[in-house]
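**Student:** The following block contains a protein sequence and its predicted model.
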Amino acid sequence: MRLCLFALLLTPLAACGGAMNERAADIAALDGDATAGGDLYQTNCSACHGADGQGTSQGPNIVEEVAEHSDESTISTILNGEDEMPAFEDTFTDQEAADLVAFLHTL
Ligand code: HEC
């Protein structure tokens with residue numbers, strides 16, 4: 001388990017240095033509005049991750065992922081996608097992405 005967590009922590013580091021990570025850092029520095037983020041989540045994410053983040057057959061439970069990872073890492077996943085997860089870099093403004101992350105922390 002410790003090794004697994006270590007591998008998870010290294011993944012975003014390996015991707016460091018790109019413009020996308022600067023954007024993720026900018027977004028993480030914004031104040032998000034969890035109420036607005038909740039609407040965005042239900043529209044864009046709940047089909048795969050469930051209304052309460054517990055996951056579906058299309059996507060994993062993300063509650064613990066969000067708690068364990070830095071906001072930059074979570075934002076990078078949302079912007080860039082990951083495996084079966086689509087990229088949302090063109091879907092959200094920076095403020096919308098910050099709102100979404102604020103909502104994810106309420107799950
Ligand atoms: C088409 C289905 C789908 C949609 C839509 C989707 N996701 Fe995902 N998401 C996935 C899958 C599948 C994974 C697991 C990716 C992997 O294998 O690492 C994932 C992983 C994640 C993770 C965890 C990444 C990690 O570090 O393990 C987060 C956080 C996440 N999604 C958030 C979101 C948010 C927020 C939205 C809406 C903006 C969203 N997802 C929309 C399928 C989806």
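**Tutor:** Structure's in. What do you need?
**Student:** Which residue is the nearest non-sequential neighbour of Pro60?
**Tutor:** Closest residue in space to Pro60, ignoring its immediate chain neighbours: His49 at 7.4 Å, by Cβ to Cβ, 6 or more residues apart in numbering. C-beta: built from backbone N, CA, C; applies to glycine.
**Student:** give the contact list for the one you found.
**Tutor:** Neighbour list for His49: Gly55, Thr56, Gly59, Pro60, Asn61, Ile62 [criterion: Cβ atoms under 8 Å, 6 or more residues apart in numbering].
**Student:** For the last one, grab phi and psi.
**Tutor:** Yep, that's Ile62 we're talking about. Dihedral pair for Ile62: phi -110, psi 0, per degrees, to the nearest 10.
**Student:** ok so, going back, can you list phi and psi of the residue nearest to Pro60 for me?
**Tutor:** As for His49, its main-chain torsions (degrees, to the nearest 10) stand at phi -100, psi 0.
**Student:** And for Glu96?
**Tutor:** Torsion angles, degrees, to the nearest 10, at Glu96: phi -60, psi -40.
**Student:** quick one on the thing from earlier: for the contacts of His49, which PyMOL command selects only the ones that are buried?
**Tutor:** The PyMOL selection below is limited to those of these classed as buried (16 or more other Cβ atoms under 10 Å):
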select buried, resi 59+60+62
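**Student:** Report the entries of the contacts of His49 that also contact the ligand.
**Tutor:** Among those, the ones lying near the ligand by Cβ under 6 Å from any ligand atom are Gly59, Pro60, Ile62.
**Student:** what's stretch 58-67 in contact with?
**Tutor:** With Cβ under 8 Å, 6+ apart as the test, stretch 58-67 has contacts from 47-50, 53-55, 74, 84-85, 101, 104-105, 107.
**Student:** distance between that stretch and the chain's centre?
**Tutor:** Its chain's C-alpha centre and that of stretch 58-67 lie 9 Å apart, by Cα atoms, centre = their mean, to the nearest Å.
**Student:** The spatially closest residue to Gly53 that is not a sequence neighbour: what's it in contact with?
**Tutor:** Nearest residue to Gly53, sequence neighbours excluded (Cβ to Cβ, 6+ apart): Leu107, at 3.9 Å. Going by Cβ under 8 Å, 6+ apart, Leu107 touches Asp52, Gly53, Ile62, Val63, Val66.
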